[in-house]
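> sequence and predicted model, in that order:
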Amino acid sequence: MTEAEDASAGRNSAVAASLMTAGGWIFCKGIKADDRQAFMHRNEAAVNPFLPRDVAPRLLWQVENDGWLLLGFEHVSGQHADYSPNSPDLPLVAKTAQVISQTEAPTIADDRRAIQGQWAAALDRELALAPPDNAHSWSRENALTIKEWARRAPSYLGGSALIHSDLNPFNVLVADRAQVVDWAWWKTGPAWVDAAHLVVRLIAAGHSPAEAEAWAAQLDGFGSAEPEGMTAFAASLVRLWERKFAISDATEGARRWLEYRLNGH
């Protein structure tokens with residue numbers, strides 16, 4: 001190694017840096033092997049060989065030594081995606097999201113990776129509680145309606161498509177194409193889930209809910225999804241995220257999307 005640059009974003013690694021080596025730049029991330037978050041790095045390493053080419057950087061090596069787990073990836077140049085209205089990044093993001101949605105989950109997937117079971121368990125815990133005190137006033141006023149819709153969400157989440165599940169702008173790097181990083185939370189389920197998450201992110205970036213849905217409609221999975229399932233999923237995001245993330249742009253995006261859908265749009 002002859003040069004190193006710390007990563008500008010990322011919260012789940014003890015080490016995250018671009019390294020200049022004799023063979024060129026690589027990206028290295030790592031964590032103590034016995035850290036409770038180490039499973040995320042193992043998840044990412046396991047799925048990487050099965051990801052579509054040009055959608056994500058290749059894993060070059062995985063090293064576990066002296067109490068550390070380190071992953072070395074192809075270096076991806078580019079900027080974090082801009083999801084704001086009229087951004088030139090959006091067509092590239094759509095192209096990549098389409099490829100992901102059309103990809104079957106790898107054969108290494110098991111029940112632990114199925115979003116349906118994970119979502120059901122999370123909602124069982126969440127819906128046994130009252131909404132958090134710091135929930136938005138609209139959410140508190142409509143708590144019963146949101147709960148009833150959220151309870152239905154898992155029934156729509158069966159499927160075998162590959163899901164990234166966290167397409168926030170920091171996980172999408174754009175240059176001549178959009179590449180997706182940080183696959184620690186990959187799942188299996190219906191092809192529309194990543195598109196639904198993108199709707200929330202677009203709303204958070206300044207799109208109206210109608211504009212965000214119109215953009216997502218170009219993605220095969222979103223266009224074929226059951227409307228009731230989309231509403232139920234939006235309701236589940238509001239209930240889960242208002243407790244987990246409190247006040248955040250993404251939480252507010254999910255709430256605005258749900259309010260739009262419940263108003264009959």
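Alright, I've got the coordinates.

> distance of residue 79 relative to residue 173?
Distance, residue 79 to residue 173, by C-beta to C-beta, to the nearest Å: 7 Å. No exception for glycine: its C-beta is placed from N, CA and C like everyone else's.

> tell me which of the two has more neighbours.
Legend: neighbour count by other C-beta atoms under 10 Å for residue 79 and residue 173, higher for residue 173 (19 against 11).

> so which elements touch the strand or helix carrying the more buried one?
Secondary structure assigned from DSSP states H and E places residue 173 in strand 172-174. The contact analysis (3 or more C-beta pairs under 8 Å, 6 or more residues apart in numbering; DSSP states H and E) places strand 172-174 against strand 79-80, helix 90-101, strand 178-180.

> same thing but 6 Å
When contacts are defined as 3 or more C-beta pairs under 6 Å, 6 or more residues apart in numbering; DSSP states H and E, strand 172-174 packs onto strand 178-180.

> run me through the strand neighbours of the strand it packs on, direction for each.
strand 172-174 (antiparallel) (DSSP bridges).

> who's in contact with the strand it pairs with?
The contact list for strand 172-174 (C-beta atoms under 6 Å, 6 or more residues apart in numbering) reads 76, 78, 79, 81, 89, 92, 178, 179, 180.

> could you give me the buried positions within stretch 206-225?
Neighbour-count burial for stretch 206-225 flags 207, 209, 212, 213, 215, 216, 219, 221, 222, 225 (criterion: 16 or more other C-beta atoms under 10 Å).

> PyMOL command for the buried members of the contacts of strand 172-174?
To isolate the buried members of the contacts of strand 172-174 in PyMOL, using 16+ other C-beta under 10 Å:
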select buried, resi 76+81+89+92+178+179+180
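
> how far away is residue 212 from residue 155?
24 Å.

> ditto for residue 209
With C-beta to C-beta as the criterion, residue 209 and residue 155 are 23 Å apart.

> can you get me a residue count around residue 42?
Neighbours of residue 42 under the rule other C-beta under 10 Å: 16.

> swap in residue 255?
A count of nearby residues for residue 255, using other C-beta under 10 Å, gives 24.

> pull out the buried residues from the helix or strand where it lies.
Residue 255 belongs to helix 249-262 when assigned by DSSP H and E. By 16+ other C-beta under 10 Å, the buried positions in helix 249-262 come out as 250, 251, 252, 253, 254, 255, 256, 257, 258, 259, 260, 261.

> other SSEs contacting that helix?
Using 3+ C-beta pairs under 6 Å, 6+ apart, helix 249-262 sits against helix 193-204, helix 209-216, helix 227-244.

> please identify the most buried of these.
Of all the helices and strands packed on helix 249-262, helix 193-204 carries the top mean neighbour count, a mean of 25, counting by mean count of other C-beta atoms under 10 Å.

> pLDDT below threshold where in the protein?
1-11, 265 (pLDDT under 70).

> which strand is the longest one in it?
For the chain, the longest strand by residue count, based on DSSP state E, is strand 24-32.

> which residues are in contact with that strand?
By C-beta under 6 Å, 6+ apart, strand 24-32 touches 13-19, 38, 41, 67-73, 75.

> give the ChimeraX command for selecting the buried subset of those residues.
Command for ChimeraX that selects the buried part of the contacts of strand 24-32, burial taken from 16+ other C-beta under 10 Å:
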select :13,15,16,17,18,19,38,41,68,69,70,71,72,73,75
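
> and the contacts of strand 24-32, which of them are in helices?
Counting by DSSP state H, these place 38, 41 in helices.

> will you turn the contacts of strand 172-174 into TSV that also has distance to residue 201?
Converted to TSV, the contacts of strand 172-174 look like this (distance: C-beta to C-beta, whole Å):
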residue	distance to residue 201
76	20
78	18
79	16
81	9
89	12
92	15
178	13
179	17
180	13
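
> of the contacts of strand 172-174, which is the nearest to residue 101?
Of all these, residue 180 has the smallest distance to residue 101: 11.9 Å, by C-beta to C-beta.
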